[in-house]
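**Q** Below are the sequence and a predicted model for it; my questions follow.
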Amino acid sequence: MSNPAKQRTEVAASTLELLHSEMVEYTTNDSKYSSHKEKAYTVLEDMGFKVGIRLGERLTRDKGRFADNLDTIKFICKDFWSECFKKNVDNLKTNHKGTYVLHDSKFTYLTRLSLSTPEETANAAKNHVVFSCGIIRGCLSSLGVEAFVTAEINALPSVLFKVIEISRQ
Amino acid sequence: MSNIAKLQKVGDSTFGRIEKINSELLTMTYGSLVTQLLRDFEDTDAVNKQLEKMGHKIGVRLIEEYMAKSNPSAGSCKEFKDTAEAIAKVGFKMFLGFNAQVTSWNQEQTQFSLVFQENPLNDFVELPERLKTEGLFYSNLLCGVIRGALEMVQMRVECIFVKCPLRGDDVSEIKVTLIDYLKEIVLEDE
């Protein structure tokens, strides 16, 4: 039910941030999946995946086809990233064999994360990138690139997102 | 300038200042949450409750941002009436980008309704008949947010969704009832 006449509306970025952290809290700490971290992550990632698919369709509505997968990844790094995470990816690396590493030096969902101990913060940080991995995978999928997306956090709030294409036909 | 107009101005300027995102991203994210909850819980009422609970936790954290970002010159809320208008004109505006109307005060001035047409959470949503009959209030999270936020400023309220366009009503309406003012007490460690 898209209504092109409807003008773009905005909400506060913090509203989404608060909702996101409550979704993380629910899946990892307060749902029937919480006792099983893998399962909780799957659920959270899947929620992101659904958002990513729809977002991919909407963001590319007026765009032509992408020349190749690298072109698609570049779209992810710029248009998609600034829409979702309010900035561009800082650095993109690829081995030209279907693996891409996207470096965001100040990932939006981690910038305000701080718990009482470094261990707790590191743990919470892991929880806070899962949904986003799902969004990225979903968006790629809607653009015809099936991939695994994982995240590696070395020094907060910097994140390396690794995209590995599943099949290259 | 009337108090309402003043608050409206505060809401507008606060919203103009803060960092914003496309509302669609919020809409879709919220949609994926509700979908998941409908899968996780068997009955619809439990979903309403869970949304309210999550909203409450959001409200508890959101009030801090409200205090910090909205211009304090808006003045404190001396009466419950001021609180109502502050929620409608500043709170809704700065977080969701639209204003709500305060209506239907009861005689004792302890109960009012927040009425609004827009609601980015509802965008692109159509509820299946089953969920309508079972009484899902899709945006029930908002009730929790209001309750949580007010609790942090010593007001205990009850919030109930009474009208929702997704169920065929012409507007959204949330009924807010003041139960009591909490005394500031220092809790002992649990």
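**A** Here it is on my side, so go on.
**Q** What residues does chain A have near chain B?
**A** A:1-2, A:8-16, A:18-20, A:22-23, A:25-27, A:31-32, A:43, A:46-48, A:50-51, A:54-55, A:58, A:83-84, A:86 (C-beta under 8 Å from any C-beta of the partner chain). In short, each C-beta sits where N, CA and C put it, glycine included.
**Q** Return a ChimeraX selection command for the buried portion of these.
**A** To isolate in ChimeraX the members of the residues of chain A next to chain B that are buried, counting by 16 or more other C-beta atoms under 10 Å in any protein chain shown, one can use:
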select /A:9,10,11,12,13,14,15,16,18,19,20,22,23,25,26,27,31,43,46,47,48,50,51,54,55,58,83,84
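**Q** Restricted to helices, list the residues of chain A next to chain B.
**A** Judged by DSSP state H, the residues of chain A next to chain B include A:13-16, A:18-20, A:22-23, A:25, A:43, A:46-48, A:50-51, A:54-55, A:58, A:83-84 as members of helices.
**Q** Roughly how far does residue A:61 sit from residue A:55?
**A** 11 Å (C-beta to C-beta, to the nearest Å).
**Q** before we move on, what about residue A:15?
**A** Distance from residue A:15 to residue A:55, by C-beta to C-beta: 17 Å.
**Q** before we move on, what about residue B:176?
**A** From residue B:176 to residue A:55 the distance is 34 Å (C-beta to C-beta).
**Q** Please apply the same query to residue B:105.
**A** Residue B:105 is 41 Å from residue A:55, by C-beta to C-beta.
**Q** And for residue A:117?
**A** Taking C-beta to C-beta, one finds residue A:117 at 35 Å from residue A:55.
**Q** same thing with residue A:64?
**A** Counting by C-beta to C-beta - residue A:64 and residue A:55 are separated by 18 Å.
**Q** ok, longest helix in the chain?
**A** Just going to use chain A. helix A:118-142.
**Q** Switch to chain B, please.
**A** Longest among the helix segments of chain B by residue count, using DSSP H, is helix B:44-69.
**Q** List the buried residues for that one?
**A** So, applying 16+ other C-beta under 10 Å, buried residues of helix B:44-69: B:44, B:47-48, B:50-63, B:65-66, B:69.
**Q** same check, this time on stretch A:99-109
**A** Of the residues in stretch A:99-109, A:100, A:101, A:102, A:103, A:104, A:107, A:108, A:109 count as buried by neighbour count, 16+ other C-beta under 10 Å.
**Q** Of the buried residues of helix B:44-69, which ones also sit close to chain A?
**A** Okay, of the buried residues of helix B:44-69 touching chain A (C-beta under 8 Å from any C-beta), that's B:50, B:54, B:57, B:58, B:61, B:62, B:65.
**Q** Quick one: residues in contact with stretch A:9-19.
**A** Stretch A:9-19 is contacted from outside by A:86, A:108-109, A:112, B:15, B:18-23, B:25-26, B:29-30, B:33, B:58, B:61-62, B:65, B:94-97, B:118, B:120, B:141, using C-beta atoms under 8 Å, 6 or more residues apart in numbering or on different chains.
**Q** quick one: pLDDT of the closest residue to residue A:85 other than its chain neighbours?
**A** Leaving aside its sequence neighbours, residue A:85 sits nearest to residue A:108 (C-beta to C-beta, 6 or more residues apart in numbering or on different chains; 4.6 Å). At residue A:108, the pLDDT value in this model is 91.
**Q** Same check on residue B:178?
**A** The predicted local confidence for residue B:178 is 93.
**Q** same check, this time on the one 10 residues further on
**A** According to the predicted model, the pLDDT of residue B:188 comes to 68.
**Q** do the same with residue A:4
**A** 45.
**Q** Next: residue B:171.
**A** Reported pLDDT for residue B:171: 94.
**Q** Show me what whatever helix or strand residue A:92 lives in is in contact with.
**A** Element membership of residue A:92, judged by DSSP states H and E, is strand A:91-94. Strand A:91-94 has contacts (C-beta under 8 Å, 6+ apart) with A:70, A:73, A:74, A:77, A:100, A:101, A:102, A:103, A:105.
**Q** In chain A, which residue is most central in space?
**A** residue A:132 (2.5 Å; C-alpha atoms, centre = their mean).
**Q** Touching, it and residue A:104? I think so.
**A** No - contact between residue A:132 and residue A:104 fails when scored by C-beta atoms under 8 Å: they sit 9.4 Å apart.
**Q** Now for these two: what residues contact both?
**A** Common contact partners of residue A:132 and residue A:104 (C-beta under 8 Å, 6+ apart): A:85, A:161.
**Q** thinking again about what came up before, report the buried residues of the strand holding residue A:92.
**A** Quick answer for strand A:91-94 (16+ other C-beta under 10 Å): residue A:92.
**Q** Skip ahead from that strand and say which helix or strand is next.
**A** strand A:99-104.
**Q** Strand partners (parallel or antiparallel) of that following strand?
**A** strand A:91-94 (antiparallel), strand A:159-165 (antiparallel) (DSSP bridges).
**Q** Using CSV, write out every CA atom in the last one.
**A** Think strand A:159-165. The C-alpha coordinates for strand A:159-165 follow below in CSV (Å, rounded to 0.1, in the frame of the first residue of the first chain):
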residue,chain,number,x,y,z
VAL,A,159,32.1,-2.4,13.5
LEU,A,160,33.3,-4.5,10.6
PHE,A,161,30.4,-6.0,8.6
LYS,A,162,31.4,-9.0,6.6
VAL,A,163,29.3,-9.9,3.5
ILE,A,164,29.9,-13.2,1.9
GLU,A,165,27.9,-14.1,-1.2
